[in-house]
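Engineer: turn this into a model:
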Amino acid sequence: AGQAVWATRMLCGKCSREMPYSDRPCSSCGNTFTRPGGGHWQGGDGCRDQTRLAKSDSRKHKGTSAAGAKKTVSAKSQRVGAAGSRATAAK
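Structural biologist: Presented below is the predicted three-dimensional model:
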């Protein structure tokens, strides 16, 4: 057990049948081993759906005001620095 070896066999969690390691459903009961996309993570794309988050989640209300509208985002980075000097030079 001291060696690092990858598993070649796995057990189905529903019917306890042993089978080769794969992503395909179980051949005897049809149980899938990967969860379908959904929930608040939009199928694993990495973007939260704020309407599906629990109300106790700290990210549910991030970026919104008390009225529920999105807060304004500062445009200062477009006015100052290298981007600002390019914008004023173009005028």
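
Engineer: tell me how far C29 lies from Y21.
Structural biologist: C29 sits 17 Å away from Y21, going by C-beta to C-beta, to the nearest Å. Just so you know, the C-beta spots here come from the backbone N, C-alpha and C atoms, and that holds for glycine as well.

Engineer: make that D57, sorry
Structural biologist: 35 Å.

Engineer: between the two, point out the one with more neighbours.
Structural biologist: Using other C-beta atoms under 10 Å as the criterion, D57 and Y21 rank with D57 on top: 13 against 10.

Engineer: relative to T51, how far out is that one?
Structural biologist: From D57 over to T51 (counting by C-beta to C-beta), the distance is 12 Å.

Engineer: the residue nearest to K60 when sequence neighbours are not counted sits in which helix or strand?
Structural biologist: When the adjacent residues along the chain are set aside, K60 lies closest to L53, with 4.1 Å between them (C-beta to C-beta, 6 or more residues apart in numbering). Following DSSP states H and E, one finds L53 outside all helices and strands.

Engineer: tell me, how many residues neighbour L53?
Structural biologist: Look at L53: counted by other C-beta under 10 Å, it has 17 neighbours.

Engineer: you'd agree C15 is up against S27?
Structural biologist: No. C15 is beyond contact range of S27, at 9.9 Å (criterion: C-beta atoms under 8 Å).

Engineer: tell me where this structure has helices.
Structural biologist: Secondary structure of the chain, counting by DSSP state H: helices at 76-79, 81-90.

Engineer: distance to S65, mean neighbour count and mean pLDDT for the ones you listed - can I get that in CSV?
Structural biologist: What follows is the helices of the chain, written out as CSV (distance: least, C-beta to C-beta, whole Å; neighbours: other C-beta atoms under 10 Å; pLDDT from 0 to 100):
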stretch, distance to S65, mean neighbour count, mean pLDDT
helix 76-79, 19, 11, 87
helix 81-90, 27, 10, 89
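
Engineer: quickly list what E18 is bridged to.
Structural biologist: Going by DSSP bridges, E18 is paired in beta bridges with L11.

Engineer: show me what contacts it?
Structural biologist: Under the criterion of C-beta atoms under 8 Å, 6 or more residues apart in numbering, the contact partners of E18 comprise 9-12.
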